[in-house]
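> for reference, the sequence and a predicted model appear below.
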Amino acid sequence: MRAMIRFSFTLCFMFAVMLASITPSAQAADVKQVDAFLKVTGFDVALESIRLSADSAPEMLGINAQEFGSEWSRLVSEVFDTGVMLDMGIGILSKTLSEQALNHASAFYATDLGQRLVKAENGSHMEEDEATKAEAGNAILAGLERIKSPRVALLTRLNEASDVEDSSVRAIQEVQIRFLMAAANAGVIKLQMEEPDLREVLRAQEPEMRASIKNNALASSAYTYQAFSDEEIRTYAAALEDPKMQEVYALMNAVQFEIMANRYEVVAQRLAGMQPSQEL
């Protein structure tokens, strides 16, 4: 499954609304089908990569993670348990993902190309050294741009087909707000502004954040798909542009970000017993 951008909260979806608006399908896939689907598409690994994003959580609250020592690692391990997140994803998708859309996406990712793509995306998801990965991706991208390679346009088409920019902007904003509000409600921090004002601040930052996400996503794609031919990238982009695949991606993006926000809210609640109040 296409990699979601790993959140960097220093870049400073309404996905809950989206999920609430989805009517359960009369032909929704059953739990076993969804479980198999998540594995063949690599979505289970994408959920595991959410754990890596937790390193940014204390920084967003103005707290040094090192102050927690081994307690922080234990907290992250418990809250971002892959089995828990997978159960959450299966629970939502089994009620909302249509069997027709599931079968369509599964058929593509079960092909030789699909499985090679999943392997490459899984590897990219789980790379912990983001700085080295970003440097390599930017170097590849710069080389492609220097020779005016058509591959840059293909990678851009690929990102646009999976709505990387728009969904990531909305997700970053909503995860930040839900995390900060949960931390404030738990007494971990003291916010100096109300939620509407916080949302306005994030909206003001959106143009810069959008540009950063777009550039980072393009470099990440250049790195992730470097072993694939232009024709294979073109085939993948066309597959993602299919209306059934668009349905799958819209829903799975929403589910992944909802799980992420939920886990961050739990982290905020658990931090209340571990850290003195901080002002933000």
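Structure's in. What do you need? Numbering: from 1, shown residues only.
> may I ask you to name the longest helix in the chain?
helix 243-271 (DSSP state H).
> and it, average pLDDT?
Average pLDDT, helix 243-271: 88.
> pull out the buried positions in it.
244-245, 247-268, 270-271 (16 or more other Cβ atoms under 10 Å). Where you see a C-beta, it was placed from the backbone N, CA and C, and this is true even at glycine.
> and for residue 175, nearest residue in space, chain neighbours not counted?
Using Cβ to Cβ, 6 or more residues apart in numbering and skipping the chain neighbours, the partner closest in space to residue 175 is residue 261 (4.8 Å).
> surely the one you found is in contact with residue 172?
No. Residue 261 is beyond contact range of residue 172, at 10.5 Å (criterion: Cβ atoms under 8 Å).
> now do the shared contacts for those two.
Residues touching both residue 261 and residue 172 (Cβ atoms under 8 Å, 6 or more residues apart in numbering): none.
> show me the contacts for residue 181.
Residue 181 neighbours (Cβ under 8 Å, 6+ apart): 191, 195, 198.
> what subset of those is buried?
Counted by 16+ other Cβ under 10 Å, the contacts of residue 181 give residue 198 as buried.
> TSV for the contacts of residue 181, including secondary structure and distance to residue 102?
TSV is the format used below for those (DSSP: H, G, I helix; E, B strand; the rest coil; distance: Cβ to Cβ, whole Å):
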residue	secondary structure	distance to residue 102
191	coil	41
195	helix	36
198	helix	37
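> out of the contacts of residue 181, flag the one nearest to residue 140.
Closest to residue 140 out of those is residue 198 (37.0 Å), distances taken as Cβ to Cβ.
> what sits against that closest one?
177, 180-181, 191 are the contacts of residue 198 under Cβ under 8 Å, 6+ apart.
> ok, now residue 222?
With Cβ under 8 Å, 6+ apart, residue 222 has these contacts: 137-138, 140-141, 144, 151, 155.
> pLDDT of the strand or helix carrying residue 73, averaged?
In the assignment (DSSP states H and E), residue 73 maps to helix 70-79. In this model, helix 70-79 has an average pLDDT of 84.
> and the angle from it to helix 243-271?
Interaxial angle, helix 70-79 versus helix 243-271 (axes from the mean of the first three to the mean of the last three Cα atoms, to 10 degrees): 140 degrees.
> contacts for helix 70-79 next, please.
By Cβ under 8 Å, 6+ apart, helix 70-79 touches 51, 54, 58, 65-66, 68, 263, 266-267, 270-271, 274.
> cutoff 6 Å now
The contact list for helix 70-79 (Cβ atoms under 6 Å, 6 or more residues apart in numbering) reads 54, 65, 263, 266-267, 270.
> strands of the stretch 1-150 of the chain, start to end?
Assigned by DSSP state E, counting those that start in this stretch, the stretch 1-150 of the chain shows no strands.
> tell me where it has helices.
In the stretch 1-150 of the chain, the helices defined using DSSP state H, counting those that start in this stretch lie at 15-21, 31-41, 43-53, 57-60, 70-79, 82-96, 99-109, 112-125, 130-146.
> what's the average pLDDT for the shortest one?
Along helix 57-60, the predicted confidence averages to a pLDDT of 76.
> next helix or strand past the helix or strand where residue 222 lies?
Using DSSP H and E, residue 222 maps to helix 206-224. For helix 206-224, the following helix or strand on the C-terminal side (DSSP H and E) is helix 230-241.
> other SSEs contacting that following helix?
helix 151-161 (3 or more Cβ pairs under 6 Å, 6 or more residues apart in numbering; DSSP states H and E).
> hey, C-alpha coordinates of the helix it packs on in CSV?
In CSV, the C-alpha atoms belonging to helix 151-161 read as follows (Å, rounded to 0.1, in the frame of the first residue of the first chain):
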residue,chain,number,x,y,z
ARG,A,151,10.2,10.1,-14.4
VAL,A,152,9.6,13.2,-12.2
ALA,A,153,6.2,13.8,-13.9
LEU,A,154,5.4,10.1,-13.4
LEU,A,155,6.3,10.3,-9.6
THR,A,156,4.2,13.4,-9.3
ARG,A,157,1.3,11.7,-11.0
LEU,A,158,1.7,8.7,-8.6
ASN,A,159,1.6,11.0,-5.5
GLU,A,160,-1.4,12.9,-6.8
ALA,A,161,-3.3,9.7,-7.5
